[in-house]
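K.L.:
Sequence first, then the predicted structure:
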Amino acid sequence: MVEVFTGRAILNKDGDLVDPEEALRNKVVGIYFSAGWCPPCRDFTPILCDFYTELVEDSEPPAQFEIVFVSSDKSADDMVEYYHDMHGDWLALPWTDDYRHELKQRYQITAVPKLVIVKENGAVITDKGRKQIRERGRACFRSWLDAAEIFQNFKG
């Protein structure tokens, strides 16, 4: 389980609270720092959606990958609108949770968008997830999975 989110409430796309321990167990996790007001974010988010869909929704078995969106939007309403309009069927830290500021400090986020790929213990596999997806597509997931040191069932 990704220790970064232990004891935190995270949301699914329907707005339901999800237990991070269950949702993130034995998975590579991408922490996606993004905002709807940011043109590069609005450019990359559809690419990330396609990447996620191919790996998780269109693969059998689904890839051991999950994304948690951490918003830099200016309000909760802005976050919800951006999340629902543009994001994939992944998870999000509620905008009202000030822990998002701690996460930005922990992972040295100075600009968005930023996709930080982490191991179960929260250690960084890469902070260049966006660049790697753009350059290598699905192929980058295998290297993340190998670095994550988790039980693997991914065939692709």
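P.N.:
Structure received.
K.L.:
can you pull the pLDDT of the nearest residue to Arg134 once chain neighbours are set aside?
P.N.:
What sits nearest to Arg134 in space, not counting adjacent residues and going by Cβ to Cβ, 6 or more residues apart in numbering, is Ile47, at 6.9 Å. For the C-beta atoms, the positions are set from N, CA and C on the backbone; glycine is no exception. Predicted confidence (pLDDT) for Ile47: 97.
K.L.:
what about the longest helix in this structure?
P.N.:
Within the chain, and with DSSP state H defining each element, the longest helix by residue count is helix 39-52.
K.L.:
Report all helices and strands that it contacts.
P.N.:
strand 28-34, strand 65-71, helix 76-86, helix 129-136 (3 or more Cβ pairs under 8 Å, 6 or more residues apart in numbering; DSSP states H and E).
K.L.:
Give me the angle between it and helix 129-136.
P.N.:
Counting by axes from the mean of the first three to the mean of the last three Cα atoms, to 10 degrees, helix 39-52 lies at 60 degrees to helix 129-136.
K.L.:
ok, residues contacting helix 39-52?
P.N.:
Contacts to helix 39-52, defined as Cβ atoms under 8 Å, 6 or more residues apart in numbering, come from residues 32, 34-36, 65, 67, 86-90, 112-113, 115, 130, 133-134, 137-138.
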